[in-house]
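Undergrad: sequence first, then the predicted structure:
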Amino acid sequence: MKNLFSLIFLTLIASAIYSCKKNEDTAHIGKSLPPSPSSNAETDAKNRALLLGKWYEIADTVREYKNGKLVRTSHPIVTPGDYQAFTPDGYWTEVLRGNSSQRQIKYTLKGNIIKMDHEAYTNGGITEPAYSKNTYIKTLNATTLINFVNDTILYANGDVYVVYEIFHSKR
(Lines give C-alpha, C1' and ligand atoms only; values in the text may rest on other atoms or scores of the structure.)
Protein backbone atom coordinates (compact mmCIF):
# COMPACT_ATOMS: atom_id res chain seq x y z
CA MET A 1 0.00 0.00 0.00
CA LYS A 2 2.86 2.36 0.83
CA ASN A 3 4.42 1.71 -2.62
CA LEU A 4 1.10 2.40 -4.33
CA PHE A 5 0.77 5.71 -2.46
CA SER A 6 4.36 6.66 -3.42
CA LEU A 7 3.70 5.82 -7.07
CA ILE A 8 0.52 7.93 -7.16
CA PHE A 9 2.27 10.81 -5.38
CA LEU A 10 5.21 10.78 -7.83
CA THR A 11 2.83 10.64 -10.79
CA LEU A 12 0.94 13.70 -9.52
CA ILE A 13 4.18 15.63 -8.94
CA ALA A 14 5.48 14.75 -12.43
CA SER A 15 2.16 15.80 -13.99
CA ALA A 16 2.25 19.12 -12.15
CA ILE A 17 5.80 19.84 -13.29
CA TYR A 18 5.18 19.00 -16.95
CA SER A 19 1.89 20.89 -17.11
CA CYS A 20 3.45 24.20 -16.02
CA LYS A 21 3.32 26.89 -18.69
CA LYS A 22 6.69 27.37 -20.35
CA ASN A 23 8.15 30.85 -20.78
CA GLU A 24 6.94 32.27 -24.11
CA ASP A 25 10.38 33.39 -25.25
CA THR A 26 12.04 30.03 -24.63
CA ALA A 27 13.81 29.06 -27.82
CA HIS A 28 14.27 25.48 -28.97
CA ILE A 29 17.70 24.25 -27.88
CA GLY A 30 19.89 23.38 -30.85
CA LYS A 31 17.14 23.82 -33.42
CA SER A 32 15.85 26.61 -35.58
CA LEU A 33 12.33 27.65 -34.77
CA PRO A 34 9.85 25.95 -37.10
CA PRO A 35 8.10 27.89 -39.84
CA SER A 36 4.54 28.91 -39.14
CA PRO A 37 2.07 26.21 -40.17
CA SER A 38 -0.38 28.95 -41.17
CA SER A 39 1.85 30.37 -43.91
CA ASN A 40 -0.31 31.32 -46.88
CA ALA A 41 -0.61 34.32 -49.17
CA GLU A 42 -3.33 36.00 -47.08
CA THR A 43 -1.50 35.52 -43.76
CA ASP A 44 1.82 36.59 -45.27
CA ALA A 45 0.24 39.79 -46.69
CA LYS A 46 -1.31 40.61 -43.29
CA ASN A 47 2.02 39.99 -41.51
CA ARG A 48 3.90 42.10 -44.09
CA ALA A 49 1.53 45.00 -43.42
CA LEU A 50 1.98 44.63 -39.64
CA LEU A 51 5.78 44.44 -39.96
CA LEU A 52 6.21 47.69 -41.90
CA GLY A 53 7.58 50.75 -40.12
CA LYS A 54 9.77 51.45 -37.10
CA TRP A 55 10.03 49.06 -34.16
CA TYR A 56 11.67 50.52 -31.06
CA GLU A 57 13.73 47.99 -29.12
CA ILE A 58 12.70 47.77 -25.46
CA ALA A 59 14.53 44.60 -24.35
CA ASP A 60 17.20 42.20 -25.57
CA THR A 61 17.96 38.77 -24.12
CA VAL A 62 20.92 36.58 -25.10
CA ARG A 63 21.03 32.91 -24.09
CA GLU A 64 24.19 30.90 -24.66
CA TYR A 65 24.23 27.11 -24.65
CA LYS A 66 27.27 24.81 -24.64
CA ASN A 67 26.56 21.25 -25.76
CA GLY A 68 22.85 21.73 -25.07
CA LYS A 69 23.26 23.19 -21.57
CA LEU A 70 22.48 26.82 -20.74
CA VAL A 71 25.75 28.47 -19.64
CA ARG A 72 24.83 32.17 -19.63
CA THR A 73 21.90 34.53 -19.94
CA SER A 74 22.55 38.23 -20.45
CA HIS A 75 20.47 41.32 -21.10
CA PRO A 76 22.39 43.80 -23.27
CA ILE A 77 21.55 47.42 -22.58
CA VAL A 78 19.01 48.86 -24.98
CA THR A 79 19.40 52.58 -25.56
CA PRO A 80 16.17 54.59 -25.87
CA GLY A 81 15.69 55.40 -29.53
CA ASP A 82 17.28 52.18 -30.88
CA TYR A 83 15.03 50.79 -33.58
CA GLN A 84 14.73 48.55 -36.59
CA ALA A 85 12.70 49.61 -39.63
CA PHE A 86 11.05 47.53 -42.34
CA THR A 87 10.16 49.27 -45.62
CA PRO A 88 7.43 48.37 -48.15
CA ASP A 89 10.07 47.74 -50.83
CA GLY A 90 11.60 44.91 -48.78
CA TYR A 91 14.52 46.57 -46.98
CA TRP A 92 15.48 46.48 -43.31
CA THR A 93 17.65 48.99 -41.44
CA GLU A 94 18.74 48.98 -37.81
CA VAL A 95 19.67 52.15 -35.92
CA LEU A 96 21.58 51.57 -32.69
CA ARG A 97 22.64 54.30 -30.28
CA GLY A 98 21.83 56.90 -32.91
CA ASN A 99 24.06 55.34 -35.59
CA SER A 100 22.49 53.78 -38.66
CA SER A 101 24.06 50.63 -40.02
CA GLN A 102 24.55 52.76 -43.17
CA ARG A 103 23.28 49.95 -45.34
CA GLN A 104 19.91 48.48 -46.05
CA ILE A 105 19.48 44.74 -46.00
CA LYS A 106 16.99 43.03 -48.31
CA TYR A 107 14.39 40.93 -46.49
CA THR A 108 11.55 38.58 -47.38
CA LEU A 109 8.77 37.35 -45.11
CA LYS A 110 7.11 33.93 -45.26
CA GLY A 111 5.13 32.57 -42.35
CA ASN A 112 7.02 33.52 -39.20
CA ILE A 113 10.41 33.65 -40.94
CA ILE A 114 12.10 36.89 -41.96
CA LYS A 115 14.99 36.02 -44.28
CA MET A 116 17.71 38.70 -44.28
CA ASP A 117 19.97 38.73 -47.36
CA HIS A 118 23.19 40.52 -46.42
CA GLU A 119 25.31 41.70 -49.35
CA ALA A 120 29.11 41.56 -49.23
CA TYR A 121 30.64 44.74 -47.85
CA THR A 122 33.98 46.11 -46.70
CA ASN A 123 34.45 47.85 -43.37
CA GLY A 124 37.85 48.99 -42.13
CA GLY A 125 39.64 47.05 -44.87
CA ILE A 126 37.92 43.77 -43.96
CA THR A 127 35.47 42.30 -46.46
CA GLU A 128 32.53 40.34 -45.13
CA PRO A 129 31.08 37.91 -47.69
CA ALA A 130 27.39 37.89 -48.59
CA TYR A 131 25.18 35.64 -46.46
CA SER A 132 21.56 35.02 -45.50
CA LYS A 133 20.20 34.74 -41.99
CA ASN A 134 16.74 33.92 -40.70
CA THR A 135 14.90 35.73 -37.94
CA TYR A 136 11.93 33.93 -36.40
CA ILE A 137 8.86 35.89 -35.31
CA LYS A 138 7.34 34.82 -32.01
CA THR A 139 4.81 37.66 -31.67
CA LEU A 140 3.67 40.21 -34.24
CA ASN A 141 0.71 42.54 -33.84
CA ALA A 142 0.01 46.26 -34.24
CA THR A 143 2.14 47.21 -31.21
CA THR A 144 4.51 44.32 -30.44
CA LEU A 145 7.26 42.46 -32.30
CA ILE A 146 9.20 39.69 -30.58
CA ASN A 147 11.72 37.94 -32.80
CA PHE A 148 14.61 35.49 -32.38
CA VAL A 149 17.91 34.84 -34.12
CA ASN A 150 20.26 31.98 -33.43
CA ASP A 151 23.86 31.16 -34.28
CA THR A 152 25.49 27.76 -33.98
CA ILE A 153 29.27 27.55 -33.58
CA LEU A 154 31.06 24.22 -33.93
CA TYR A 155 34.53 24.06 -32.38
CA ALA A 156 37.37 21.71 -33.40
CA ASN A 157 37.26 20.02 -29.97
CA GLY A 158 33.66 18.96 -30.65
CA ASP A 159 31.94 21.59 -28.48
CA VAL A 160 28.76 23.05 -29.91
CA TYR A 161 27.72 26.56 -28.87
CA VAL A 162 24.28 27.89 -29.73
CA VAL A 163 23.52 31.55 -29.09
CA TYR A 164 19.91 32.76 -29.14
CA GLU A 165 19.08 36.45 -29.14
CA ILE A 166 15.52 37.54 -28.41
CA PHE A 167 14.49 41.07 -29.38
CA HIS A 168 11.42 42.75 -27.85
CA SER A 169 10.17 45.78 -29.78
CA LYS A 170 7.21 48.17 -29.61
CA ARG A 171 5.82 50.79 -31.96
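TA: Arrived safely, thanks for sending.
Undergrad: now the strands for this protein?
TA: For the chain, the strands defined by DSSP state E cover 53-66, 69-74, 83-86, 91-96, 99-100, 105-110, 113-118, 121-123, 126-128, 131-140, 144-154, 160-170.
Undergrad: for residue 41, which of those is the nearest?
TA: Closest to residue 41 of the strands of the chain, according to C-beta to C-beta: strand 105-110, at 10.0 Å. Backbone N, C-alpha and C define where each C-beta goes, glycine included.
Undergrad: list of residues touching that closest one?
TA: 35, 39, 44, 47-48, 51, 86, 90-93, 114-119 (C-beta atoms under 8 Å, 6 or more residues apart in numbering).
Undergrad: okay, the angle between it and strand 113-118?
TA: 160 degrees (axes from the mean of the first three to the mean of the last three C-alpha atoms, to 10 degrees).
Undergrad: can you give me the buried ones in strand 105-110?
TA: 105, 107, 109 (16 or more other C-beta atoms under 10 Å).
Undergrad: for stretch 124-142, same thing?
TA: 135, 136, 137, 138, 140.
Undergrad: how near is the third one to residue 161?
TA: Per C-beta to C-beta, to the nearest Å, residue 137 is found 24 Å from residue 161.
Undergrad: okay, buried residues for stretch 159-168 please.
TA: Buried, per 16+ other C-beta under 10 Å, within stretch 159-168: 162, 164, 165, 166, 167, 168.
Undergrad: turn those into JSON lines, including distance to residue 82.
TA: Converted to JSON lines, the buried residues of stretch 159-168 look like this (distance: C-beta to C-beta, whole Å):
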{"residue": "162", "distance to residue 82": "25"}
{"residue": "164", "distance to residue 82": "19"}
{"residue": "165", "distance to residue 82": "14"}
{"residue": "166", "distance to residue 82": "15"}
{"residue": "167", "distance to residue 82": "10"}
{"residue": "168", "distance to residue 82": "12"}
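Undergrad: wait, which of those is closest to residue 123?
TA: Taking those together and measuring to residue 123 by C-beta to C-beta, the closest member is residue 165, at 20.8 Å.
Undergrad: verify the stated contact: the closest one with residue 136.
TA: No: Residue 165 is not in contact with residue 136 according to C-beta atoms under 8 Å; the separation is 10.9 Å.
Undergrad: shared neighbours, these two?
TA: Shared contacts of residue 165 and residue 136, counting by C-beta under 8 Å, 6+ apart, come down to 148, 149.
Undergrad: state the distance from the one residue sitting closest to the centre of the chain to residue 61.
TA: Nearest to the geometric centre of the chain sits residue 148, at 0.2 Å (C-alpha atoms, centre = their mean). According to C-beta to C-beta, residue 148 and residue 61 sit 10 Å apart.
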